[in-house]
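> Please work out how this folds:
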Amino acid sequence: SGGYAEVVVTSAALVAPLDGLDVEPATAAALPSNSTTALLVLDRVARIEPGQSVLVHAAAGGVGSQLGQAAHLLGAGRVVGTVGGEAKVETARGFGYDEVILRDRLTGAGEFDIVVDMVGGPTRRASLERLAPMGRLVVMGNASGAEDVGVPANELWFTNKTVSGFNLAAFSGAFPEETGRALRRAVEAAAKGDLRVRVETLPLERAAEAHRRIESGATTGKLVLEVAKP
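Below is the predicted model of the structure:
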């Protein structure tokens, strides 16, 4: 889609000016997908209300690193993140979560008004079970690569729960103006320090390495590829 090009043409609705804002170029490059997604998922899709509880899976990853902070920015009460292993617990705690637990220990975590799942597989079913009455599960990924998990409509009916999906590419195509507003909101929040992005830069020549690291699940925060200046 042109993401690795030095120059690209896009809709003016989908850009954010940096003039007068204290935002480093690498941070600016890291904001459009993950930070924009975090704000849209919680505000537009999950319809978060002040004081509500939020559970986020893959809390140390790119989107996860933003969701915990965005939840507090939007007025959430208790915000809990899950990670796949002990090595990522402390990293996730640095992204604004009140608590961080291992994903396979969800049973005792209590109930949540909102759960955001980008892992899929057994985690999706466990997420549905952690929803409080009138809770909302937002599906936005399948990092586990597991088979799709079916959710019976009658189950949602009887338990007063909701399942929604979010895909930024599809959303931005259908609602460019709204996506742009969310992006500009994310940039302003980053400039104020309300959204912190952990960024690691790699030269463009190491793009294959970046992909391998992302696909292995070993990354935290955001990887940014840097194009050498002529």
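> can you give me the helices in this protein?
25-39, 62-73, 89-93, 122-129, 153-159, 168-174, 176-192, 207-216 (DSSP state H).
> Go ahead and flag the most central residue of this structure.
For the chain, the residue nearest the mean C-alpha position is Val63 (2.6 Å; C-alpha atoms, centre = their mean).
> hang on, isn't it packed against Ala38?
Yes: using C-beta atoms under 8 Å, Val63 is in contact with Ala38, at 6.3 Å. Placement of C-beta: from N, CA and C, glycine included.
> what's the most buried one of the helices of the chain?
With neighbours taken as mean count of other C-beta atoms under 10 Å, the helices of the chain reach their highest mean count in helix 62-73, at a mean of 27.
> Return the distance of it from the chain's centre.
On the basis of C-alpha atoms, centre = their mean, to the nearest Å, helix 62-73 sits 6 Å off its chain's mean C-alpha point.
> Could you do stretch 50-66 as well?
Distance, centroid of stretch 50-66 to centroid of chain: 7 Å (C-alpha atoms, centre = their mean).
> Would you indicate which residues of that stretch are buried?
52-66 (16 or more other C-beta atoms under 10 Å).
> and which of the residues you listed is nearest Phe171?
Nearest to Phe171 among those is Val63, at 13.8 Å by C-beta to C-beta.
> Go through this protein and flag its longest strand.
As assigned by DSSP state E, the longest strand anywhere in the chain is strand 131-139.
> Thanks a lot, catch you later.
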